[in-house]
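1. this one's structure only:
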């Protein structure tokens, strides 16, 4: 459950919207035009172009359902990052690294070392889990298996980010966690495509007047 819309990042008040991670207005935007399949609030619609992609009539809309909570937000952030990569580097093509026996041998040993670390509850962490998955990618030589390991690595990254997002955010002014029910924070809205986690939040509670003033959005100061 999240307290902000995964699209516009505004606060969510309705329990169903908070569970879906998207508000009713943004959910409505994902609905295809009349006569086409309707996407639910936990679905992401995307365009599929046929052979003639210059003809608007040749574009169809398909809903993509995510069963995992918060995965819609993760997918959008990944899409934003991929667009930035493509703009900077273009469509990249590099060797997998599996043709070098030294790389494969080293990654195999490091993956085994990480499995040993992760077997200890005292040592287990998201970093060690991620490293185990990453080294398992480098330990493979078959492209199909490399791809499968990369998907597992991406899933671990998604789970790690979901865990971070589930924790109370710290106030950008006092550094204390922002907790409570309902609308508990204030601050600037993210720009389109900007990761909301990189935008500062401040305590909204009247118990934190300095934080409210530091946010620049305190109604009492207007």
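-> The structure has been received and is ready for your questions. Note that the coordinates shown come from a computational prediction; the quantities given were computed from them, not determined experimentally.
2. Next one: the residue most central in space within the chain from residue 24, what distance?
-> Nearest to the geometric centre of the chain sits residue 74, at 2.2 Å (CA atoms, centre = their mean). Using CB to CB, to the nearest Å, we find residue 74 at a distance of 21 Å from residue 24. All C-beta atoms are positioned from the backbone trio N, CA, C, and that covers glycine.
3. Same question for residue 132.
-> For residue 132, the distance to residue 24 - CB to CB - is 41 Å.
4. between these two, who's got more neighbours?
-> residue 132 (21 against 13; other CB atoms under 10 Å).
5. Grab the nearest non-local neighbour of that one.
-> Using CB to CB, 6 or more residues apart in numbering and skipping the chain neighbours, the partner closest in space to residue 132 is residue 114 (3.6 Å).
6. repeat for residue 182
-> Of all residues not flanking residue 182 in the chain, residue 13 sits nearest, at 7.3 Å (CB to CB, 6+ apart).
7. I'd say the one you found and residue 24 touch.
-> No - in this structure, residue 13 is not within contact of residue 24 by CB atoms under 8 Å, at 10.6 Å.
8. Between those two, which contacts overlap?
-> Overlap of the contact sets of residue 13 and residue 24 (by CB atoms under 8 Å, 6 or more residues apart in numbering) is empty.
9. burial measure for residue 97, as a count.
-> 15.
10. Excluding chain neighbours, give the residue nearest to it in space.
-> Of all residues not flanking residue 97 in the chain, residue 103 sits nearest, at 4.9 Å (CB to CB, 6+ apart).
11. same deal with residue 96?
-> Nearest one to residue 96, counting by CB to CB, 6+ apart, is residue 146 at 5.7 Å.
12. which residues sit against the helix or strand that the one you found is a member of?
-> Residue 146 belongs to helix 143-166 when assigned by DSSP states H and E. Contact partners of helix 143-166, identified using CB under 8 Å, 6+ apart, comprise 2, 68-71, 73-74, 96, 98, 126, 129-130, 133-134, 136-137, 140, 197.
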